[in-house]
Structure formats: C-alpha cells, structure tokens
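Peer 1: pasting the sequence and the predicted coordinates here, then a few questions.
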2 protein chains.
Amino acid sequence: MDEREHAIDRAAAGGKPRPTLKTIAYMTGLGVTTVSRALNDAPDIGQATKERVRLVARQIGYRPNRAGVRLRTGKTNVISLIMSVETEVLGLTAHLVYGISEHLAGSPYHLIVTPYGAQSDPLDPVRYIVETGSADGVIFSRIEPQDARVRYLHQQGFPFATHGRTDMGIEHPYFDFDNARYAEIAVERLAARGRRRLALLGPPAHLTYSRHMTAGFQQAVERLDLDDVPIHAVTTDSGHEAIQQEIARLMASRRRPDGIVCGSASAAISPIGAAEEMGCVIGRDLDVAVKESFSLMKKFRRDIEVVHEDFRRAGTSLADAVVRTIGGAPAHELQTLDVPA
Amino acid sequence: MDEREHAIDRAAAGGKPRPTLKTIAYMTGLGVTTVSRALNDAPDIGQATKERVRLVARQIGYRPNRAGVRLRTGKTNVISLIMSVETEVLGLTAHLVYGISEHLAGSPYHLIVTPYGAQSDPLDPVRYIVETGSADGVIFSRIEPQDARVRYLHQQGFPFATHGRTDMGIEHPYFDFDNARYAEIAVERLAARGRRRLALLGPPAHLTYSRHMTAGFQQAVERLDLDDVPIHAVTTDSGHEAIQQEIARLMASRRRPDGIVCGSASAAISPIGAAEEMGCVIGRDLDVAVKESFSLMKKFRRDIEVVHEDFRRAGTSLADAVVRTIGGAPAHELQTLDVPA
DNA sequence: CGATCAAGCTGAAACGTTACAGGACGACAG
DNA sequence: CTGTCGTCCTGTAACGTTTCAGCTTGATCG
C-alpha cells in the first residue's frame, strides 16, 4: 500500500517515478530480494520467476540505481582515463577516448576523464582515484620504464591498463604500438627511396617508447648501412620554433640529413615547414616518414611516408584489458603489441 | 565500542579504513548528524564545533562518499560531455575536454564523456542521462537552429549548456564563437591582400553556425564589393577527396577564386593540397584564411591567414555555465559570444 | 511416519549520507 | 518561580541496492 500511494504520487506529479526494485517487487508480488537476485541471475531463483521479473523490468524500463549499487557493493562501474593535457598529445587522446567509450558502450561502465597538468605530479590523479575509490579501473599513457603510477597501482592491487610498456619486472596489462618496428619500417622506406643519411625526431627520452623507437631506428640504420644524423636538442614534445630551429641548423650543416623519421604527426609539421622554408622540396631533396593516427600529413604532402597508428584501437583494447582485469583475468593475457604492417 | 572495533579491524587489515562521518563523529565525540551539518556549514552548529570538526576531517583526509551523497540527495556531482565521434571534430573535442576538466578541477564535479555515433540519434545519449539521472548537467555541441536536444532538456528542466546557439525562442546557456565576425575578418584580410573573388568552405548547413558564417561572409563580400564564388557540393565535414575534387574543379573553372575562407583547420588541408597540386602557390596565386584552435596551419604555411578559436576557453565557459545553471542562475546571464579580434 | 533435503523465496541489516523532528540547556521576561 | 525562546546538538529514517541467515513447501529417504 505504501508503495502504491508513493508510485501514484509521483506519477501524478508528472515527474517520472523512475522504477526501482521495489516497483518491480510490487508489480510481480515478489520480495525485493527475489527481484534483485532474479535480475542478477542468482542460482536459487526459479527459471519462471526470473523470466517474469526480467519481462517486467524490461517493460517498465528498469535501470539499476548506480548510487545504490555503488554504496552497497563498492563497485563504481566507472573507468577513469587519466589524460595528460600536454597540447602535443591532445588530438591523439581524443581518439583514445573514442575507442574506450566505444568499447564501454553497452557495458555498465561509464568513462570519466581525469586530467593532470604538465607541471603537476602524474601520481596525484592516480592516488586520488584509488583513495576516494572513484573508479574501478584506470587507464593512462606516457609510460616510463620505471613508472611510479604502475608501481603504486600494482602495490595497491588496483586494476589498470597502460598505453605503453614498462621495464620494472611487474607484469601488467598494456597496449603498445610497436615503435621499434615503426622506426624500422620508416628507415626501410626511406632507404628504398635512396636516402642514406637519416635523422630521428623521437619522443622525450624518459618515455619508454622513446627507447623502442630509437632502438628500431638504430638497428635498421646499421643493418642497411646508412648514416645516423643525431638530433639531440629537441623531441616530438618540443615547441614548434625549437624544432624548426634545430632542423634549420641541421639542414644547413655539413652533416645534413636526406631523410627524417618523425615520432609523431604533429611534430612532423615543424621540420617539413623548416625544410621547405630553406628551399627544400619534400620528395626531392628530403624525404620524411611520420607515424600518425589521423591521416593528416598524407593529405598535405602526398610524398610523405606514412605509417598508421590506430589510437582508437588502442582505446578499445585498453578498455577491454582494464575491464577484464577488474573481472580477475591475469595480466599476461592482456598485453597487446600492435605491430605495424 | 562498535565503531572502535570496526576501525581497529580495518587498520589492522592494512587496507585503509577510508574515514566516514562516523569516524569523525567517533573521534570528536559528536553525533553523525552534527558532523555532517558542521561540514556543510549549517547555521545551527556552533562555530567552535565547526572548526573542530573541520580540523579533524582535514587531518584524517575525509572525503565524502559520492555514492552516499548521491543516493541520499540525488545529486551526482557529475557533468556529462556529449561528444560527437565525427572524426573531423575529434581533435577539437579534446581541447573542449581539457577546458571543462580544468574548470571542474577543485570542484566536486567529475566529467564523464558520453559518445554518440554519426548515424545514431543525437537525442539518445541525452535521454539516457536524463532518464537514468546519471549527471547533474550536460554539455553538447553541433547545435542546430531547431535543436531537439535543447527542446527536450528545456522541457525536462534539466541543466545544460550548448556549444553553439539555437534559434527557437528558448533562452538557454551557451558559449559560441562569433563565426559571422570570423568570416568578416577573413574576408577583410583576404581583400587587404588584394583578393577579389572569394569562396567559402563552410560547415554543414544544418548546423546553426553555418548560417552565421555564411551571413558574415556574404555581408563582408558585399560591403567590400567582392565576388562570391559559391561552393555548394562540399562542407568542412566532407571527406578529403570530395573537397579536393570540388576545389580542383573550381580552380580549373572560369569562375576561379583567388581566395578561400575555410570553416575549420582540418578542412583547410584539403583545398590547399588540391590547389598546390595544380601548381598554385599559396600567397601568390591563392590566399587562404582558416579558423583554427590549435595552431597547426600557420606552422605549415606561414602565408595563411589565421584566426584563432579557443576551444579550451569554450570548455571552461561551458563548464561554468552548466554548474551555475545547476546552482539556479538564470540562463540569460550565461550566454557568451566569443568575438575574434 | 518422521527426518532430511533441496528449491525457491523472504525480511532485516548494512553501505554513507542528509532531512526531519525534536531534545537539553541556559538566558531572559513576566 | 514559571514559561518562552534561542542555541546547539542528536537519533531516526530514508535513498536503492545486495548479503546474510533463515523460512516454507514439497519431495525423498530410512
């Protein structure tokens, strides 16, 4: 009776009464517990009852109240993407977000985005999430070989997946693009165009994948008996002007490269601009290889060698990995290396 | 006593006991209600008590349990960004996300991202959020003059802010870039370079800002007594090939433009590529004006006329607007038009 | 026939919070 | 001295969910 009046009240008020377990219990004549267990497919509920409950639930558009579940069970049904606000990687992050939410759609999980600034401690947002229990799992990028976040989360037993690998003897879920292979391919392609003196504009040295890319680059350069023209002063994270200056300096020097391998699309713009400024023609005086996720460069200069890195796929894979981790899957099954063709 | 044992249990177990109101109540010797009210600065709690409670809370790192609050009050402390996964706008969305979360940091709000596909109904995610009550407010883009989402949310009395304006007699919070003014500036700049025959590569006609941009363009073209070379077949949302073809056709035609105004940076790549392919030199045979948010084009071709649109600022403004709306501020105070210089 | 068991269902309690109604106590007016 | 008022505090209930222990009922077994 109590429920009935209540329901009628709300319906009369115009605001929808948002059905709860109690509503279904009242409609089916069952207890709240039974309804809950029926919807959760518990083994001690009769098949007929389950079907009846589910039918009613579907009919009235029942959705479990997230706050109720979360309060009772501690399960938030939230995955947090910890996003660096480095401008250079912002465009890529969007694709990651897309991939993640694509995978999460249809699951009970929501995606929340937690940013952290360039100057602040990357550990802060991670700690916040663990301490406040505001998510069931975490995804993050810009991984270092000795990563404090990985260490912390591993030690806390908190589910996570990284976009990039570590090198610290900890087995954990990750998705990584094979940047060593990318660099090899890039070198090979430039070599096939007859280029002999190659420079690598790589990512910042503290990130794990910097090592991979450098290793692949050097290995291929050596194998094909080419020259390695070192770029030390700048990375893909450097500002436009810095990169331009360095490239200009390089192109004017005695050790002028005839091919550049770029660690990212956005960072490729600067060297190309610098080179063209000096009268170089891409495809004639200089060839450029880039790794890019949204085909941008290829539209601009069709002579550029492009290797595709799929950030959307990274997103779906990472989402999958973290959800499976929450489900208890072992880490070693959740490690993906995306090898470019 | 009960509490005491409990607390000791948890502490001994090593897993942190995550303090609650009960913990503070126990430590201060006050009632749970008093603690709650003290932390919420209720008027019927003594000043001394408030300070004592707050001190203890700070010391032990108390954070209100979101699920508890949400269950009790219905307040989710969540803002949802409804994000179109159109690839063309993905890069921009990232900046929006950045701006929003920057504003939300330090507030109790979390940002959740709800995607919707190109083919699915834009109303779906909005309805989902309202029906499940999974956020306190909503932000979305790609606004149409008669926007179903705006109508629905307004009618539901659900707080929202739009990135773009409508034209349906409904007063609501928005942030919009003044695209009319942008187009005017672009035309003026091209005219100052001596260009007389201008084409506009604008956004899809169904979006509100398409009208703004077109109006500004036409007004300026008329005022400066220039020629309007119409582009009908493609928009900034069209694929690279389609735009290239259309531009190629145009450049080969009798009515060949000597200036192009582009509605977005990503869409500017295609016409420039097409024109250069045909032997045109930007800055000599053709001038291009673009609106862009991350300075990309300018790096590539310094001869391009660039007007900056700040998506990050849009994000902070929208977040502010929606939070204020939740707080009860009237819509007309929360309407911002960002006029380019 | 009584005991045991399984199947199917249930109410009470708890998660952490806030709204509500009310209590204790001192001060102050009549 | 009694009554009223204001200040400061408090217990209970409720939000929607799941866990726990336990209840019926009918069947099976010795």
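Peer 2: The structure has been received and is ready for your questions.
Peer 1: going by C-alpha atoms from here, please, whenever you check contacts or count neighbours.
Peer 2: Will do.
Peer 1: give me the low-pLDDT residue ranges for the stretch 151-300 of chain A?
Peer 2: Applying pLDDT under 70 to the stretch 151-300 of chain A flags residues A:295-298.
Peer 1: show me the helices in it, by range?
Peer 2: In the stretch 151-300 of chain A, the segments counted as helices under DSSP state H, counting those that start in this stretch are A:179-192, A:208-223, A:240-252, A:265-277, A:297-300.
Peer 1: wait, which of those helices is closest to DNA strand D?
Peer 2: With Cα to the nearest atom of the strand, the closest approach to DNA strand D among the helices of the stretch 151-300 of chain A belongs to helix A:208-223: 39.6 Å.
Peer 1: my read is that residue A:231 contacts residue A:198, right?
Peer 2: No. Counting by Cα atoms under 8 Å, residue A:231 stays clear of residue A:198, with 10.1 Å between them.
Peer 1: out of these two, which sits in the busier spot?
Peer 2: Neighbours were tallied for residue A:231 and for residue A:198 using other Cα atoms under 10 Å in any protein chain shown; the higher tally belongs to residue A:198 (26 against 15).
Peer 1: what residue, apart from its backbone neighbours, is nearest the more buried one spatially?
Peer 2: Among residues not flanking residue A:198 along the chain, residue A:259 sits closest, at 4.7 Å (Cα to Cα, 6 or more residues apart in numbering or on different chains).
Peer 1: for that neighbour, what are its contacts?
Peer 2: The contact partners of residue A:259, by Cα atoms under 8 Å, 6 or more residues apart in numbering or on different chains, come to A:190, A:195-199, A:286-289.
Peer 1: I'd like these laid out as CSV, including distance to residue A:21.
Peer 2: Converted to CSV, the contacts of residue A:259 look like this (distance: Cα to Cα, whole Å):
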residue, distance to residue A:21
A:190, 64
A:195, 69
A:196, 71
A:197, 70
A:198, 66
A:199, 64
A:286, 68
A:287, 65
A:288, 61
A:289, 58
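Peer 1: and the strands in chain A, which stretches?
Peer 2: Using DSSP state E, the strands of chain A run over residues A:78-84, A:110-116, A:137-140, A:160-163, A:174-177, A:197-201, A:227-229, A:259-262, A:287-292, A:305-308, A:335-338.
Peer 1: as CSV, those strands with distance to residue B:178 would be great.
Peer 2: Listed next are the strands of chain A as CSV, based on distance: least, Cα to Cα, whole Å:
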stretch, distance to residue B:178
strand A:78-84, 29
strand A:110-116, 28
strand A:137-140, 36
strand A:160-163, 38
strand A:174-177, 40
strand A:197-201, 38
strand A:227-229, 47
strand A:259-262, 36
strand A:287-292, 32
strand A:305-308, 36
strand A:335-338, 43
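Peer 1: residues near the nearest residue to residue A:268 once chain neighbours are set aside, how many?
Peer 2: The shortest distance from residue A:268 to any non-neighbouring residue, by Cα to Cα, 6+ apart, is to residue A:262 (5.7 Å). When neighbours are defined as other Cα under 10 Å, residue A:262 has 26 of them.
Peer 1: which residues of chain A lie near DNA strand D?
Peer 2: Listed as neighbours of DNA strand D in chain A under the rule Cα under 7 Å from any atom of the strand: A:18, A:20-22, A:32-33, A:36-37, A:40, A:63-69, A:71-73.
Peer 1: residue A:206 touches residue A:147, doesn't it?
Peer 2: No. With contact defined as Cα under 8 Å, residue A:206 does not count as touching residue A:147 (10.1 Å).
Peer 1: so which of these two has more stuff around it?
Peer 2: The neighbour comparison of residue A:206 against residue A:147 (other Cα under 10 Å) goes to residue A:147, with 18 against 13.
Peer 1: how far away is the closest residue to the more buried one other than its chain neighbours from residue A:151?
Peer 2: Computed as Cα to Cα, 6+ apart, the closest residue to residue A:147 that is not its neighbour in sequence is residue A:166, at 6.8 Å. Per Cα to Cα, to the nearest Å, residue A:166 is found 10 Å from residue A:151.
Peer 1: before we move on, what about residue A:255?
Peer 2: 42 Å.
Peer 1: same deal with residue A:308?
Peer 2: 31 Å.
Peer 1: pLDDT wise, what is residue A:10 at?
Peer 2: pLDDT, the model's per-residue confidence, is 39 for residue A:10.
Peer 1: who's in contact with residue A:311?
Peer 2: Neighbouring residues of residue A:311 by Cα under 8 Å, 6+ apart: A:92-93, A:95-96, A:99, A:293.
Peer 1: repeat the analysis, applying 10 Å as the threshold.
Peer 2: The contact partners of residue A:311, by Cα atoms under 10 Å, 6 or more residues apart in numbering or on different chains, come to A:92-100, A:163, A:177, A:292-294, A:317.
Peer 1: who touches residue A:252 in this structure?
Peer 2: Counting by Cα under 10 Å, 6+ apart, residue A:252 touches A:246, A:275, A:278.
Peer 1: please name the nearest non-neighbouring residue to the last one.
Peer 2: This points to residue A:278. Residue A:278 sits nearest to residue A:248 (Cα to Cα, 6+ apart), 7.6 Å away.
Peer 1: name the residues of the stretch 101-250 of chain A found near chain B, please.
Peer 2: Proximity of the stretch 101-250 of chain A to chain B, by Cα under 10 Å from any Cα of the partner chain, involves residues A:101-102, A:105, A:110-117, A:131-134, A:156, A:240-241, A:244.
Peer 1: which of those count as buried?
Peer 2: Burial by neighbour count, judged by 16 or more other Cα atoms under 10 Å in any protein chain shown, picks out A:101-102, A:110-116, A:133-134, A:240, A:244 from these.
Peer 1: where's the dip in pLDDT among those residues?
Peer 2: Taking those together, the minimum pLDDT is found at residue A:240 (82).
Peer 1: now do the residue nearest to residue A:198 against residue A:98, distance only.
Peer 2: 33 Å.
Peer 1: one more: residue A:227?
Peer 2: Per Cα to Cα, residue A:227 is found 40 Å from residue A:98.
Peer 1: give me the more crowded residue out of these two.
Peer 2: residue A:98 (28 against 16).
Peer 1: and residue A:166 and residue A:151? which has more neighbours close in?
Peer 2: Taking neighbours as other Cα under 10 Å, residue A:166 and residue A:151 compare with residue A:166 leading, 20 against 13.
Peer 1: for the more buried one, what are phi and psi?
Peer 2: Here is the backbone geometry of residue A:166 (degrees, to the nearest 10): phi -120, psi -180.
Peer 1: I'd say it and residue A:212 touch.
Peer 2: No. Applying Cα atoms under 10 Å, one finds residue A:166 not in contact with residue A:212, separated by 11.2 Å.
Peer 1: identify the spatial nearest neighbour of residue A:255, chain neighbours not counted.
Peer 2: Once flanking residues are discounted, residue A:255 sits nearest to residue A:229: 6.9 Å by Cα to Cα, 6+ apart.
Peer 1: isn't that neighbour right up against residue A:197?
Peer 2: Yes. Using Cα under 10 Å, residue A:229 makes contact with residue A:197 at a distance of 6.3 Å.
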